[in-house]
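# For reference, the sequence and a predicted model appear below.
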Amino acid sequence: MAAMFKYLITVSPLGFMYGSSGGFLSPENLVGRSGAKFPPEAATLSGLFFSTNKVKSYISPKELSDNLFVAGPFWAKSDDPEYFYVPIPWHKIISKKGVDEWKMKSGKWHRESQDLDPEYSWQTVNSWVDKTATIKANKNKGDVADIPWKYVPILHPKTKDDERCTLAEDGLFLENSVQMDDESCLVYLSTHPLADGWYRFGGENHLVEIKSVLLGDDSPIVKLLRQPIQRSFALITPGVWGSNKFSYRYPKNKDFSQKRPEMLTDKPISYRYRAKGQMGRGRYAVPPGTVYLLRETLDKTWWEFPESWFPKEGFSLKQVGCGLCLPIEIQGVE
């Protein structure tokens with residue numbers, strides 16, 4: 001088995017963080033968010049490892065290139081980051097009105113309350129194996145929660161080069177910054193630690209405080225990642241499968257595709273990253289929470305997924321945690 005995640009990297013904003021930005025033609029045209037995307041993908045943290053190591057080398061570049069794996073994004077309460085929040089699998093429907101669950105019945109997906117829509121999308125990692133009703137019942141204990149951030153639009157002027165006056169045209173742009181609750185932080189998994197300190201992080205280089213937390217063998221995420229996936233699993237990070245030219249909903253390699261997965265999923269999401277200072281080609285990813293049900297037993301952990309299942313553009317996208325998944329149980333599946 002490959003190296004396991006050994007650290008949690010917590011990212012605590014010291015003020016605002018980056019949400020999205022876009023050009024606007026006039027002060028009147030300031031409605032909505034243009035391509036808002038938050039939290040930053042794990043590739044952002046991976047890039048921070050490499051840029052930091054260039055300034056003050058603490059590990060060989062080859063070691064980072066070959067063996068650094070990161071995954072996320074997740075989030076947590078700042079005083080208890082080990083029990084961080086992960087996306088709720090799509091077969092669990094948790095609403096303020098009640099709960100429901102997709103199950104297999106006569107070989108087809110089935111649920112009882114068709115009019116019940118999910119209102120919560122994050123649960124604690126230590127409640128992963130709990131029944132849906134139990135998770136809902138423990139809401140007051142924090143097993144499910146709303147996101148701890150909100151978008152805050154900030155209007156910036158673009159000034160002339162030779163005087164402090166706004167440009168006559170295209171003189172304004174909107175930054176959709178993100179404000180997180182003071183008691184919350186972003187969380188990423190990593191095989192390597194990053195020195196504690198203040199860093200510039202994200203698209204607009206906002207200041208954050210970063211800490212590395214060593215994971216013990218009894219940590220919930222470590223235990224879950226060690227469990228081999230049998231017939232069903234759910235993504236907790238975006239899934240990018242396929243070749244360098246195409247993105248698929250699941251690996252097309254024979255050892256996976258012959259298992260013909262059934263899926264519970266949502267529409268694809270955009271996925272883009274920087275590598276070695278260059279913007280990677282835009283892709284579509286399978287969204288976190290997607291559920292896969294296989295015809296045959298897989299009997300592999302995510303660590304044992306072959307790199308051929310993932311695109312490779314300078315490095316394997318497995319190294320930035322693509323398709324990180326955990327085993328689940330689905331009613332009606334033996």
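Thanks, I have it. Since this is a predicted model, take the numbers as computed values, not measurements.

# Give me the distance from stretch 182-200 to the chain's centre.
Relative to its chain's centre, stretch 182-200 lies at 14 Å (Cα atoms, centre = their mean, to the nearest Å).

# start to end distance for it?
Separation of the first and last residues of stretch 182-200 by Cα to Cα, to the nearest Å is 18 Å.

# And for Gly332, nearest residue in space, chain neighbours not counted?
Counting by Cβ to Cβ, 6 or more residues apart in numbering, Gly332 lies nearest to Met104, which is 3.5 Å off, once chain neighbours are set aside. Heads up, the C-betas are built off the backbone N, CA and C, glycines and all.

# list the buried ones in stretch 182-199?
For stretch 182-199, a neighbour-count test (16 or more other Cβ atoms under 10 Å) marks Ser184, Cys185, Leu186, Val187, Tyr188, Leu189, Ser190, Thr191, His192, Pro193, Leu194, Tyr199 as buried.

# Nearest to Pro61 among the residues you listed?
His192 (12.5 Å; Cβ to Cβ).

# Do a quick rundown of the helices in the chain.
42-55, 61-67, 132-137, 220-225, 254-257 (DSSP state H).

# so can I have a markdown table of the ones you listed showing mean neighbour count, mean pLDDT and distance to Thr265?
Compiled in a markdown table, the helices of the chain are given as follows (neighbours: other Cβ atoms under 10 Å; pLDDT from 0 to 100; distance: least, Cβ to Cβ, whole Å):
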| stretch | mean neighbour count | mean pLDDT | distance to Thr265 |
| --- | --- | --- | --- |
| helix 42-55 | 19 | 91 | 20 |
| helix 61-67 | 12 | 91 | 31 |
| helix 132-137 | 16 | 96 | 18 |
| helix 220-225 | 19 | 97 | 21 |
| helix 254-257 | 13 | 82 | 16 |
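
# Adding distance to Pro306, write these out as JSON lines.
Converted to JSON lines, the helices of the chain look like this (distance: least, Cβ to Cβ, whole Å):
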{"stretch": "helix 42-55", "distance to Pro306": "20"}
{"stretch": "helix 61-67", "distance to Pro306": "16"}
{"stretch": "helix 132-137", "distance to Pro306": "33"}
{"stretch": "helix 220-225", "distance to Pro306": "17"}
{"stretch": "helix 254-257", "distance to Pro306": "8"}
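
# who wins for proximity to Phe5 among those helices?
helix 220-225 (6.9 Å).

# Counting only strands, which of the buried residues of stretch 182-199 make the cut?
Ser184, Cys185, Leu186, Val187, Tyr188, Leu189, Ser190, Tyr199 (DSSP state E).

# Pretty sure the third one sits against Glu41.
No - the pair formed by Leu186 and Glu41 falls short of the contact definition of Cβ atoms under 8 Å, at 11.1 Å.

# so what's in contact with those two at the same time?
Residues touching both Leu186 and Glu41 by Cβ atoms under 8 Å, 6 or more residues apart in numbering: Gly72, Pro73.

# Could you list the single helix or strand in this protein with the lowest mean pLDDT?
strand 17-24 (a mean of 50; mean pLDDT, DSSP states H and E).

# Now do the residue nearest to Gly332: how many residues are near it, please.
17 (other Cβ atoms under 10 Å).

# Check it and give its pLDDT.
Looking at Met104, its pLDDT reads 94.

# now it: how far from His110?
Met104 sits 7 Å away from His110, going by Cβ to Cβ, to the nearest Å.

# overlap in contacts of the two?
Gly332.

# Any stretches of the stretch 151-300 of the chain with poor pLDDT?
156-175, 203-204, 273-281 (pLDDT under 70).

# one more time with 90, if that's ok
151-179, 201-206, 242-248, 252-260, 270-284 (pLDDT under 90).

# How about the stretch 1-150 of the chain?
The low-confidence ranges in the stretch 1-150 of the chain, as defined by pLDDT under 90, are 1-3, 14-40, 54-61, 107, 113-115, 150.

# can you pull out the strands in the stretch 51-200 of the chain?
For the stretch 51-200 of the chain, the strands defined by DSSP state E, counting those that start in this stretch cover 70-77, 85-87, 92-94, 99-101, 103-105, 108-110, 122-124, 149-157, 172-180, 184-190, 197-201.
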